[in-house]
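Chemist: Build me a model:
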Amino acid sequence: MALKAKDIIANPLDLLSFLIPLAILYGVNFLLSTIIGKLMFERGDAIALVYGTVMRNLSIALAIAMTAFGKEQGSEIALIIAMAYIIQVQAAAWYVQFTDQIFGAQPESQMALEKSA
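Modeler: The predicted structure follows:
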């Protein structure tokens, strides 16, 4: 974000043009992985699928973007990836709150195993 600080200050509404596609991307990722998880896997594996597919390696994407696109475009992509971190963490926190409603409550046998471990 420091690379684009002057641009952000000059045009703060430009952030919305990055935020909306990111929100759509994460929404689609959560929705697709949740549907596939519910249809094809048991509760624990479905949850792992959701977090494994939605929580991608953004730091790797940042490094590739900075290398592939050069300083000017790379700094814009770095800003998008920084914003993606914000959305990703907040969306994951919200998703955790709805996990039992989406996939059902955790079986008591698993709860007992986790407490003993």
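Chemist: Ala84: helix or strand, and which one exactly?
Modeler: helix 58-103 (DSSP states H and E).
Chemist: Equivalent analysis for Leu49, please.
Modeler: Using DSSP H and E, Leu49 falls in helix 43-54.
Chemist: Measure how buried the closest residue to Lys38 other than its chain neighbours is and give me the count.
Modeler: Excluding its sequence neighbours, the residue lying closest to Lys38 (Cβ to Cβ, 6 or more residues apart in numbering) is Ala46, at 6.0 Å. No exception for glycine: its C-beta is placed from N, CA and C like everyone else's. Neighbours of Ala46 under the rule other Cβ atoms under 10 Å: 21.
Chemist: Show me the shaky parts of this structure.
Modeler: 1-5, 8, 57-75, 109-117 (pLDDT under 70).
Chemist: Next, the buried residues of stretch 18-28.
Modeler: Phe18, Leu22, Tyr26 (16 or more other Cβ atoms under 10 Å).
Chemist: What lies in contact with that stretch?
Modeler: Val54, Leu79, Ile80, Met83, Ala84, Ile87, Gln88, Ala91 (Cβ atoms under 8 Å, 6 or more residues apart in numbering).
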